[in-house]
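Trainee: Any chance you could fold what I've pasted below:
(one chain, ligands or ions: 3)
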Amino acid sequence: MNKTQAYISENKEIFLEELLELLRVPSISADPAYAKDVKKTASMLAAHFRNAGAKNVKVHKTAGHPIVYAERIIDRRLPTVLVYGHYDVQPPDPLELWDSPPFEPVVKKTKGHPKGAIFARGACDDKGQMFMHIKAFQAMVKAKELPCNVKFMIEGEEEVGSDNLGAFCKKNKKLLASDVVLISDTSVISNKVPSITTGLRGLSYLEVEVTGPNKDLHSGVYGGAVGNPINILSDMISSLKGKNGKIRIPGFYDDVVEVSKEERKMMNKAPFNIAKYKRELGIKDTHGERGYTVLEQTSIRPTLDVNGMWGGYIGEGAKTVLPSKAYAKISMRLVPNQDSATITKLFTKHFKAIAPASVKVKVTPHHGGEAAVTPTDTPEYKAAEKAMEHTYGTQPIPVRGGGSIPIVALFEKVLKVKTVLMGFGLDSDDIHSPNEHYGLFNYYKGIETIPYFFKYYSELKGK
Ligand code: BES
Ligand code: MN
Ligand code: MN
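Mentor: Ligands and ions are numbered 1, 2, ... in the order given. Predicted coordinates:
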């Protein structure tokens, strides 16, 4: 792999410039106003794949945003790695909280990133991490050291629920046939303590609408007799969780498989500093399900959170109004064996049941997805472990993650392949938040590590 690594060292500056160029395009999948930019990003990626030496490069149209496919098949008898990533990004709001514009990337040094970090929406999630794969691939091709077959599927709808990816996979099973899926869209514990994500949570996301009177009313004339949908929605939401942090939707925990004592003990050996955690978040105390540590609360336990809530008057000054409607967006993170469609049903039934007769309730499901656990006794896990050990100088720790990448479960179901989650971000990279960033150390470490994954995977799988 020496030639590959030499190629990477020689091209570091260009690799950075190319990523910055990609980050300048606002590929916001949630907002139809940016559909052109999403499309442009897809064609930029296709050009990168062609220049890197990929074959059969195609921007596949879908009912939503396009999927970029590329491959390089060197020998059908060798194993095939399918790299998945996403080029779409979250909306950047609230804009006023960014220190520099989200789509004008800048490299700045920070305490957590003494070598500098790229500040831009998508820098880490997932343009930066996805692009590492294209650059690592390019290096292996140019150095003539690509040890196995590789296919790429880079989508533009991950941040909005991957609505069209399932159909694409089902339709293109042959094209996507592979031995393993490799994804860099997660984080490591720290730049000194590498880790590999061995699980992700599932998700049930829905929106609720509570309607009281058929129009906004004067809160003096009617207040006291007519149910206020915002007050009522608040009551309903607060009743969803008990004081001990347990979710009070009947049946919610029925399918949760308790993690064994031994496994929990292992899990809690991962380095974690609660004082630092609180300090960095500006909180005096944490607030979670009783009986579980923070590491457990954010990985092996399901949650329920309000993501947004609105209604009534929210403009300048005061307006005395008893609103007609109140809304909330609610998400539940799920753990293995919980079924997102079942949870959505249980929530809907319960939420309607607890509504007082003074209001009407409408529940609209958004997207959902299943949790995933990836085994550690596979050639792909061992290959990722060896690759990271090689480049970090220390063995990575397996950790279950709290976020969701619903397509991981889908890959297993439809394509019958397991995934390895070899991410290089940090939890402190502010993904989905203002000032998202990605360390240069992390970007280059990823590009350097990926070729070793290919090398070790080919060796281990070939046996
Ligand atoms: N890359 C994240 C998921 C992630 C982040 C996993 C950090 C582990 C650590 C992904 O882009 C994401 O944001 N997923 C969404 C779900 C999706 C259905 C919108 C999420 O987790 O909220
Ligand atoms: Mn992501
Ligand atoms: Mn994301």
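
Trainee: correct me, but Ile196 touches Val420?
Mentor: Yes. Assessed by CB atoms under 8 Å, Ile196 is found in contact with Val420 at 7.3 Å. Heads up, the C-betas are built off the backbone N, CA and C, glycines and all.

Trainee: Mutual contacts of the two, please.
Mentor: Tyr381, Ala384 (CB atoms under 8 Å, 6 or more residues apart in numbering).

Trainee: higher neighbour count, the two?
Mentor: Between Ile196 and Val420, counted using other CB atoms under 10 Å, Val420 has the larger neighbour count: 26 against 23.

Trainee: any idea how far Ser458 is from that one?
Mentor: For Val420, the distance to Ser458 equals 14 Å [CB to CB, to the nearest Å].

Trainee: now swap in Leu206 and tell me
Mentor: 44 Å.

Trainee: interface residues of the stretch 101-250 of the chain facing ligand 2?
Mentor: In this structure, the stretch 101-250 of the chain approaches ligand 2 at residues Asp125, Asp126, Asp185, judged by CB under 5 Å from the ion.

Trainee: Need the residues you listed in a markdown table (columns: secondary structure, pLDDT and neighbour count).
Mentor: Formatted as a markdown table, these follow (DSSP: H, G, I helix; E, B strand; the rest coil; pLDDT from 0 to 100; neighbours: other CB atoms under 10 Å):
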| residue | secondary structure | pLDDT | neighbour count |
| --- | --- | --- | --- |
| Asp125 | coil | 98 | 27 |
| Asp126 | coil | 98 | 28 |
| Asp185 | coil | 98 | 25 |
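
Trainee: can you narrow those to ones near ligand 1?
Mentor: Asp125, Asp126, Asp185 (CB under 6 Å from any ligand atom).

Trainee: Was I right to think the first one contacts Gly425?
Mentor: Read it as Asp125. Yes. Here Asp125 reaches Gly425: they are 7.0 Å apart, a contact under CB under 8 Å.

Trainee: Overlap in contacts, those two.
Mentor: Ile431.

Trainee: Wait, a helix at Tyr444?
Mentor: Yes. Counting by DSSP: H, G, I helix; E, B strand; the rest coil, Tyr444 is part of a helix.

Trainee: Report the contact partners of it.
Mentor: Ile8, Lys12, Phe15.

Trainee: What about the residue in the stretch 251-400 of the chain that ligand 2 sits nearest to, how many residues nearby?
Mentor: Per CB to the ion, Gly369 is where the stretch 251-400 of the chain lies closest to ligand 2, at 12.7 Å. When neighbours are counted by other CB under 10 Å, Gly369 registers 23.

Trainee: So in terms of bridging, what pairs with it?
Mentor: Beta-bridge pairing for Gly369 (DSSP bridges): Leu203.

Trainee: which residue does the chain bring closest to ligand 1?
Mentor: Gly403 (2.6 Å; CB to the nearest ligand atom).

Trainee: That residue sits in which helix or strand?
Mentor: Assigned by DSSP states H and E, Gly403 belongs to neither a helix nor a strand.

Trainee: what does the protein have sitting close to ligand 1?
Mentor: 125-126, 158-159, 161, 185-187, 200, 203, 367, 369, 401, 403-406.
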